[in-house]
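In: fold the following.
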Amino acid sequence: MSLKATDRLPIGELASRTGIAVSAIRYYEEQGLIAPDRNAGGQRRFLRSDIRRLSFVLIAQQFGFTLPQIREVLDKLPNGRTPNKADWTNIGETFRVELDRKIETLTELRNRLDKCVGCGCLSLTDCTLYNPQDRAGKKGTGPRYLMGDKPENP
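Out: Next up, the predicted model:
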């Protein structure tokens with residue numbers, strides 16, 4: 001199927017249609033999320049379907065997915081095409097698993113909020129209760145319990 005010139009959009013029109021800054025569109029291109037063609041004058045020309053592709057990127061970012069994670073999902077599509085209905089179902093399932101994991105982590109964080117800040121090292125009075133002998137510190141730097149490490153039973 002041959003594309004007509006009207007099937008392609010200049011970067012300014014893509015920015016207007018998506019609400020994404022031209023600089024961000026260029027960045028998404030650098031990150032491999034979209035791949036425009038160039039016209040004879042060297043100007044970028046985007047497929048109209050890139051509007052949906054960029055919309056997917058924005059939505060996935062709102063869910064907390066990183067650009068490398070988003071690119072990994074989009075790279076699985078043949079010929080760099082925009083996801084169709086079946087693809088959306090598969091992508092949704094992949095995202096659902098990750099979102100469920102994030103929800104579980106956030107729920108655990110919320111439930112611990114009144115006890116410990118996560119690493120057990122920031123409260124000297126409670127530290128001996130939640131982190132005796134700085135056990136969390138032996139697991140590495142940062143808020144170990146919030147990062148998924150489980151406290152050892154004393």
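
In: in which helix or strand would I find the most centrally placed residue in the chain?
Out: A centroid search over the chain (C-alpha atoms, centre = their mean) returns residue 65, at 1.4 Å, as the residue closest to the centre. In this assignment (DSSP states H and E), residue 65 forms part of neither any helix nor any strand.

In: which residues touch it?
Out: 95, 98 (C-beta atoms under 8 Å, 6 or more residues apart in numbering). No exception for glycine: its C-beta is placed from N, CA and C like everyone else's.

In: so how far is residue 59 from it?
Out: Computed as C-beta to C-beta, to the nearest Å, the residue 65 to residue 59 distance reads 9 Å.

In: repeat that for residue 22.
Out: 20 Å.

In: over to residue 111?
Out: On the measure of C-beta to C-beta, residue 111 and residue 59 end up 28 Å apart.

In: isn't residue 58 up against residue 21?
Out: No: taking contacts as C-beta atoms under 8 Å, residue 58 lies outside contact range of residue 21: 11.9 Å.

In: ok, the two, which is more surrounded?
Out: Ranked by neighbour count (other C-beta atoms under 10 Å), residue 58 and residue 21 place residue 58 first, with 14 against 10.

In: which SS class is that one?
Out: Per DSSP: H, G, I helix; E, B strand; the rest coil, the secondary structure class of residue 58 is helix.

In: nearest spatial neighbour of it, skipping sequence neighbours?
Out: Take residue 58 and drop its neighbours on the chain: the residue closest to it by C-beta to C-beta, 6 or more residues apart in numbering is residue 20, 7.3 Å away.

In: list the contacts of that neighbour.
Out: 14, 28, 54, 58.

In: can you get me a residue count around residue 72?
Out: Counted with other C-beta under 10 Å, the neighbours of residue 72 add up to 12.

In: what helices and strands are in contact with the helix ranked longest in the chain?
Out: Longest helix of the chain, by residue count under DSSP state H: helix 85-112. Applying 3 or more C-beta pairs under 8 Å, 6 or more residues apart in numbering; DSSP states H and E, one finds that helix 85-112 contacts helix 67-75.

In: list the contacts of the helix it packs on.
Out: So helix 67-75 is contacted by 28, 31-33, 53, 56-57, 60-61, 80, 83, 91, 94-95, 98 (C-beta under 8 Å, 6+ apart).
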